[in-house]
Structure formats: C-alpha cells, structure tokens
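sequence first, predicted coordinates after that:
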Amino acid sequence: MNRRIIAVLAAVVLAAVGAGAVLLYVRSADNRAVAGKQARTVLVAEKLIPAGTNGRALRDGGYLRQTRMPAETVPDDTLATVEGDLDALVTTAAVQRGQLLMRTMFGTAVNRSGLAIPDGKLAISAKVKSAVFGPGAVRAGTRVAIFYTYTPVAVGKLDEVSGSGLERGRDVNNVTRLLMTDIEVISVGAAAGEGDGEVARPATATTGGGDVAITFALDQRQAEILAHATALGGLLNVGLLGDSSDVRPDRGVDNGSLFGKAG
C-alpha cells in the first residue's frame with residue numbers, strides 16, 4: 001500500500017514539475033521574442049467577442065488576456081487595458097480569437113437592435129445592387145469600395161451627373177466610377193420595395209437576388225456624397241476589400257471604353 005501511495009505522490013510531483021517547466025519555457029520564449037526590442041503590453045481576444053459587447057462585459061467575461069509584443073509590430077491604437085470609458089461603447093463587429101483589441105473597434109450603440117456607429121462617424125443607408133456579390137458576403141465589419149453607375153449630363157462631361165436618374169437607350173452613354181473606398185459596413189438588410197416607407201427590413205446578411213440596403217459608417221463629407229448620389233438616381237454597387245486590394249480613383253468606364261482603355 002505504501003508503495004502505491006509513494007508512486008502516486010511521485011507522479012503528482014513529476015506532473016507539477018513538468019507543468020512548471022512548460023510555463024517557464026513559454027515565458028522565456030516570450031522574453032526571447034522581445035529581447036533587444038522595446039516591449040509593449042497588449043490585449044488579445046482569448047475567445048470570440050460578439051459584436052455589441054461593451055467594455056464592462058469584456059472585463060467580466062474572460063474575453064481577453066494580456067501579452068507582451070515588440071512595440072514596433074503593434075498598431076498605435078492597440079489597447080493594454082479596458083478602461084471605464086469603454087463601458088458605454090460596444091464592439092462594432094465580432095472580434096476573432098487571437099486578434100488584437102484596438103480602440104477603433106468600439107462605437108456607440110444607437111438603437112435596440114444593437115447597431116453601433118464608430119466614433120466620429122455617421123450611419124447612412126443606401127440601396128445597393130446585390131447581383132455582384134454572393135449571399136452573406138457582405139456583413140457588419142466588412143470593408144468595401146462603393147461604385148456608382150450614372151448618366152452624365154452631356155458627352156465629354158463625365159464629372160457631371162444628369163440628375164434624371166440612370167437613363168437607358170441606344171444613344172445614351174452611362175458611366176461607372178469609384179465613388180469612395182475603404183468604407184466600413186455597419187449592417188445589411190433586405191431593401192424595402194417601392195412605397196414601403198422604410199429603408200430596409202431587418203436582416204443580418206444578404207440573401208441573394210434583388211437589392212439590399214447597406215448601412216455604412218461615413219464621415220460628414222462621405223455621407224453628403226452618398227446621399228447626393230442616391231438622390232440623383234443611378235445604381236450603387238460595392239466591392240469587398242481584401243488586405244492587399246489596390247483601389248484608386250480614376251475616370252471609370254463608360255459605354256465607349258468598356259472593352260478598351262478607361263477615359
């Protein structure tokens with residue numbers, strides 16, 4: 001009996017020693033990673049953080065862990081702690097496990113549905129053609145480029161919109177150009193039909209077929225541009241941006257340059 005007790009105790013001691021050795025190795029690995037560099041404490045998502053999570057819930061819910069990283073590799077707005085001023089704000093999109101927590105991820109909840117607007121931005125909705133992207137591709141947190149198809153006021157005046165909507169006809173020239181880029185999507189819903197009196201019916205993702213109403217986070221100038229473009233008529237499309245997407249303003253494409261060099 002004594003031998004069994006001794007064997008069990010020995011196994012427990014060895015397990016504790018092994019666990020301690022692993023912890024020491026991990027810590028030493030972290031130290032080696034920042035050796036010779038200025039280190040900075042940052043917060044990392046320990047698990048998925050849902051959109052609409054406020055600062056208090058982050059502190060109390062075990063969502064985060066602190067770690068040390070070389071300062072030169074960390075974005076300036078990365079957080080080291082969740083201060084009290086974030087209690088009144090919420091995450092504007094889901095934060096994936098292992099992702100750094102940044103100040104720009106928070107906004108103000110503005111309605112009961114949990115819609116959140118990033119600091120300094122406006123929420124502007126517009127009807128967008130959905131034929132160019134798949135179901136569910138555009139959702140809260142997606143960053144997009146917005147393209148506008150319109151009829152210019154006259155031949156050679158591509159910078160002036162006619163104001164009579166998107167005209168069609170054998171001799172009508174239309175233009176598609178980049179309106180703005182690197183725009184954050186706040187929410188996506190099914191577009192209301194003509195005369196419904198609403199911008200959109202509640203939805204969380206595109207369902208394919210027909211138009212969708214997308215709510216964007218815009219600054220004042222961008223909001224003015226989008227509102228004016230919508231009032232003039234024409235069609236809006238969005239393109240999803242990747243980390244290396246290269247999108248720049250240009251003269252766009254018209255009927256005469258669709259298969260050739262853009263004007």
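Looks like it arrived, so ask away. Numbering: from 1, shown residues only.

show me the contacts for residue 180.
145-146, 222, 225-226 (C-beta atoms under 8 Å, 6 or more residues apart in numbering). Using the backbone N, CA and C atoms, a C-beta is placed for each residue, glycine as well.

quick one, helices of the stretch 51-200 of the chain?
Ranges of helices in the stretch 51-200 of the chain, per DSSP state H, counting those that start in this stretch, are 55-60.

where exactly do the strands run in it?
64-70, 90-91, 106-109, 116-118, 122-129, 143-150, 175-191, 200-201 (DSSP state E, counting those that start in this stretch).

redo these as CSV? Include distance to residue 157.
Below are these laid out as CSV (distance: least, C-beta to C-beta, whole Å):
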stretch, distance to residue 157
strand 64-70, 53
strand 90-91, 45
strand 106-109, 39
strand 116-118, 36
strand 122-129, 24
strand 143-150, 12
strand 175-191, 10
strand 200-201, 34
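
so which of these gets nearest residue 54?
strand 90-91 (4.9 Å; C-beta to C-beta).

and that closest one, what does it pack against?
strand 106-109 (3 or more C-beta pairs under 8 Å, 6 or more residues apart in numbering; DSSP states H and E).

ok, and what's touching the strand it packs on?
So strand 106-109 is contacted by 52, 54-55, 86, 88-92, 115-119, 121, 217 (C-beta under 8 Å, 6+ apart).

tabulate the CA atom coordinates of that strand in PDB.
Output of strand 106-109 as PDB, limited to C-alpha atoms (Å, rounded to 0.1, in the frame of the first residue of the first chain):
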ATOM      1  CA  PHE A 106     -15.600  50.400 -30.400                       C
ATOM      2  CA  GLY A 107     -18.600  52.600 -31.200                       C
ATOM      3  CA  THR A 108     -21.800  53.800 -29.700                       C
ATOM      4  CA  ALA A 109     -24.900  51.600 -29.600                       C
END
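
on that earlier part again, ok, of the contacts of strand 106-109, which come out buried?
Buried members of the contacts of strand 106-109, counted by 16 or more other C-beta atoms under 10 Å: 52, 54-55, 86, 89-92, 115-118, 121, 217.

from these, which is closest to residue 46?
The nearest one, if we look at those relative to residue 46 and count by C-beta to C-beta, is residue 91, at 14.4 Å.

low pLDDT regions in the stretch 1-150 of the chain?
In the predicted model of the stretch 1-150 of the chain, residues 1-37, 109-115, 130-136 satisfy pLDDT under 70.

if you set the cut-off to 90 instead, what comes out?
Scanning the stretch 1-150 of the chain for pLDDT under 90 picks out 1-39, 50-57, 59-62, 71-77, 84-95, 104-123, 128-143.
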